[in-house]
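J.: next come a sequence and a model predicted from it.
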Amino acid sequence: MAPLKVHGSPMSTATQRVLVCLYEKDLDFEFVPVNMGTGDHKKEPFISRNPFGQVPAFEDGDLTLFESRAITQYIAHTNADKGTQLLIMEDPIPKKMAIMSVWMEVEAHQFDRSTSKLAWEVVFKPMFGMTTDTAAVSEEEAKLNKILDVYEARLAQSKYIGGDSFSLADMHHLPNLGYLMETPYKSYFESRPHVSAWCKDILARPAWAKVKAMKA
Ligand SMILES: N[C@@H](CCC(=O)N[C@@H](CS)C(=O)NCC(=O)O)C(=O)O
């Protein structure tokens, strides 16, 4: 069988989401670096793999996918018997799976939206010699605080965000969390005891250490 291939950049949060999944699942894969500095994600051959010109893209034989969360779900379902079980199943009625899906959506539409903007303003813009937009930052700080209040309440009831065990819902947070924990926003997470314990737990996963090593 053709090896799994990830086309992307180790600095990209969406690429990291797929990489951490492959490491959790203990799968062999080929990483194909895409040079975003020279705009290779907007050109052929990459643009045929993702017409939106964003990393990552993923290949499993003749199947090509983009959208990091769709890729992780594919990997988790097709490799359910390997590595970490990243799905929360409950037969015959998948109520726990539905709750995990709710929190995957929360990550994508609440957490990611806010933390990606903050990471762009305070991590990436300075890295690229650009000026941080302080008004945008203040607006996003207020949003993140509200989101984390919801997380604190959820994590007081549930050890992991999606349920009783570590799942895709937690794993999807790692890339943005990883960047923000290297900024003063660390205190937003650490000042909330349940959020803080959760962050410590999921950031310590060996699969995440392997992704961080690829950035170095
Ligand atoms: N929803 C997409 C987002 C992909 C995305 O935004 N990728 C960023 C890097 S993290 C990118 O390629 N940015 C370059 C651009 O948008 O031109 C996913 O989860 O895969």
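T.: Thanks, I have the structure now. Residues are numbered from 1 along each chain as shown.
J.: quick one: the helices in the chain, in order.
T.: 13-24, 46-49, 68-78, 95-106, 112-119, 125-127, 134-157, 168-171, 174-180, 186-190, 193-203, 206-215 (DSSP state H).
J.: and the first one, how far out from the chain middle?
T.: So the one you mean is helix 13-24. Using CA atoms, centre = their mean, to the nearest Å, we find the averaged C-alpha position of helix 13-24 to lie 7 Å away from the chain's own average C-alpha position.
J.: what helices and strands are in contact with it?
T.: Based on contacts counted as 3 or more CB pairs under 8 Å, 6 or more residues apart in numbering; DSSP states H and E, the elements that helix 13-24 packs against are strand 4-8, helix 68-78, helix 168-171, helix 174-180, helix 206-215. For glycine as for every other residue, the C-beta is placed from the backbone atoms N, C-alpha and C.
J.: wait, which of the ones you listed is closest to Phe124?
T.: Checking the helices and strands packed on helix 13-24 against Phe124 by CB to CB gives helix 174-180 as the closest, at 8.5 Å.
J.: got the helices and strands packed on helix 13-24 as a markdown table, with distance to Gln16, mean pLDDT and mean neighbour count columns?
T.: Putting these into a markdown table (distance: least, CB to CB, whole Å; pLDDT from 0 to 100; neighbours: other CB atoms under 10 Å) gives the following:
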| stretch | distance to Gln16 | mean pLDDT | mean neighbour count |
| --- | --- | --- | --- |
| strand 4-8 | 8 | 98 | 23 |
| helix 68-78 | 8 | 98 | 19 |
| helix 168-171 | 10 | 98 | 24 |
| helix 174-180 | 4 | 98 | 23 |
| helix 206-215 | 5 | 96 | 15 |
